[in-house]
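Student: Could you work out the structure for the sequence below:
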Amino acid sequence: MRTWRDRSDRPGPAEWRNWSGTARAEPRRTLRPATTDEISAVVAQARERGRRLRPLGSGHSFSPIAAPDPGSDALDLRAHAGIVSVDPVSGLVTVRAGTTLGALNTALAARGLALTNLGDIDAQTVAGALATGTHGTGTRFGGLATQVAALELVTADGSVVRCAPDENPALFDAARVGLGALGVVTTVTLRCEPAFVLAAREGPEPLEHVLESFAERAENCDHVEFYWFPYGRDALVKRNTRQPPGTVARPLSAVRRFVDYTLTENAAFGALCRLGRAAPRLVPVLGALASSALSAREYSDVSYRVFTTHRAVRFVESEYAVPRAAVLDVLDGLRALVPRLRHPVAFPVEVRVAAADDIWLSTAYGRDTAYIAVHQYAGMPYREYFTEFARIAASVGGRPHWGKMHDLDAAALRPLYPRFDDFVRVRSEVDPTGVFANAHLDRVLGPVV
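Tutor: Model prediction:
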């Protein structure tokens with residue numbers, strides 16, 4: 001096994017922080033291996049020296065799931081990136097774990113392939129997106145983890161282990177949404193499909209009408225979601241429909257994209273948020289203004305360009321997965337909550353859907369799911385809002401997104417996941433001393449015993 005050279009004689013630790021600024025850490029050092037052998041050596045060395053080691057991903061989780069403990073080492077896998085192999089017949093693509101979704105989408109498109117479904121952010125690494133249960137929307141489609149055919153990871157003793165449905169199946173069931181608790185994922189094999197075009201229809205509609213018709217729309221549209229702007233009467237509804245092979249894309253012009261996304265959704269909306277942060281009493285008026293200013297657009301483009309958008313306005317977020325039949329009850333609770341809050345809400349609420357799956361710690365495990373995400377502009381008070389939202393979601397058995405903000409611990413999470421104890425058992429087998437643990441995992445999974 002290759003020996004990883006200790007570079008601890010370099011200058012002291014640099015601060016790490018996540019994208020939203022909700023988590024910070026000062027790892028003892030940050031290691032940047034570029035190969036599987038180097039990752040294996042790093043892990044073996046950490047175990048020998050009794051140190052914790054935490055993969056960082058790209059920092060797009062709002063929770064401190066990636067934050068190394070004081071004195072721990074951090075693992076930056078950005079140099080371990082790129083596609084390993086492509087099978088054009090089966091559509092199986094093996095990619096290194098440090099590859100961002102954005103880079104993967106571009107590389108797949110060049111090969112005439114695409115991921116079946118995506119969330120709206122593509123800055124995450126493949127491994128980080130899987131670890132936290134990243135998902136898009138669509139009643140017939142699961143999260144990113146449902147597209148995984150096999151994984152390779154380095155476990156706590158430095159061993160390289162492959163898992164798939166027919167090879168280490170328990171580890172596979174656990175590792176597809178593994179929270180970074182089982183080892184360092186080195187490669188992921190994904191089931192891809194021929195590249196396809198999505199037709200997008202986006203526009204404002206009265207909130208009451210959206211709520212009344214949401215169940216029907218969710219069933220009849222490939223990918224549907226909506227954004228409710230508190231204090232406004234309208235919701236922004238997005239419907240993306242898969243087009244037949246050979247469809248010619250008709251994307252927005254460069255000027256329209258610049259106006260709609262760069263100016264309106266980022267620059268102008270960011271300016272409204274900054275004004276609201278400086279003068280909170282104006283937030284309800286500004287929210288109503290943002291809702292009334294929504295415009296309609298129709299276009300088509302290759303799938304990943306429709307699924308994903310650039311987010312320049314910083315925010316904090318909490319999201320819960322609830323049984324799909326309960327989504328309107330939760331939204332009723334939120335609508336009643338917002339006017340009672342001491343601090344106004346500057347950001348919209350996002351609602352999406354997903355199919356049930358069988359992945360042990362997936363938020364959609366065993367049930368058709370609706371996702372409700374609440375946000376607040378960075379720097380504005382959010383704790384009361386998020387705490388009360390969690391209480392509403394808990395009343396219907398809501399499961400918090402692993403990469404977003406919540407206060408639940410292992411005792412509260414265990415009843416929500418029928419396979420929770422199976423996951424903990426696999427974790428104790430592959431990481432018996434807690435090499436990959438941190439304070440956050442100690443809370444949500446319990447300490448390794």
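
Student: How far off centre is stretch 328-342?
Tutor: In terms of C-alpha atoms, centre = their mean, to the nearest Å, the gap separating the centre of stretch 328-342 from the centre of its chain is 24 Å.

Student: What lies in contact with it?
Tutor: Contacts of stretch 328-342 with the rest of the structure, by C-beta atoms under 8 Å, 6 or more residues apart in numbering, involve 211, 214, 228, 230-231, 320, 322, 345, 349, 351, 370, 372, 374, 381, 384-385, 388-389, 392-393, 395-396, 398. (Each C-beta comes from the backbone N, C-alpha and C, glycine too.)

Student: Filter the residues you listed down to the buried ones, PyMOL style.
Tutor: Selecting the buried subset of the contacts of stretch 328-342 in PyMOL, with 16 or more other C-beta atoms under 10 Å as the burial test, is done by:
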select buried, resi 211+214+228+230+231+320+322+345+349+351+370+372+374+385+388+389+392+393+396+398
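
Student: Please report how far residue 41 lies from residue 56.
Tutor: 18 Å (C-beta to C-beta, to the nearest Å).

Student: again with residue 38
Tutor: From residue 38 to residue 56 the distance is 16 Å (C-beta to C-beta).

Student: More neighbours: which of the two?
Tutor: Per other C-beta atoms under 10 Å, whichever of residue 38 and residue 56 has more neighbours is residue 56, with 23 against 18.

Student: Now for residue 189: which residues touch it?
Tutor: Contacts for residue 189 were tallied using C-beta under 8 Å, 6+ apart; they are 92, 93, 94, 95, 148, 149, 150, 151, 164.

Student: mean confidence score for stretch 433-442?
Tutor: Stretch 433-442 shows a mean pLDDT of 97.

Student: Show me how far it is from its chain's centre.
Tutor: 20 Å.

Student: That one: end-to-end distance?
Tutor: 12 Å (C-alpha to C-alpha, to the nearest Å).

Student: Buried residues, it. List them.
Tutor: By 16+ other C-beta under 10 Å, the buried positions in stretch 433-442 come out as 434, 435, 436, 437, 438, 440, 441.

Student: where exactly do the helices run in the stretch 151-300 of the chain?
Tutor: Shown for the stretch 151-300 of the chain, the helices assigned by DSSP state H, counting those that start in this stretch span residues 169-175, 207-220, 254-257, 269-278, 283-292.

Student: Show the model's pLDDT score for residue 3.
Tutor: Listed pLDDT for residue 3 reads 53.

Student: now do residue 292
Tutor: Confidence at residue 292, expressed as pLDDT, is 78.

Student: roughly how far apart are it and residue 232?
Tutor: Distance, residue 292 to residue 232, by C-beta to C-beta: 7 Å.

Student: Which one's more surrounded, those two?
Tutor: Neighbours per residue (other C-beta under 10 Å) separate residue 292 from residue 232, with residue 232 holding more: 22 against 12.

Student: Now do the contacts for that one.
Tutor: Applying C-beta under 8 Å, 6+ apart, one finds that residue 232 lies in contact with 207, 287, 288, 290, 291, 292.

Student: what's the closest non-adjacent residue to it?
Tutor: Nearest residue to residue 232 in three dimensions, chain neighbours excluded: residue 291, at 2.3 Å (C-beta to C-beta, 6 or more residues apart in numbering).
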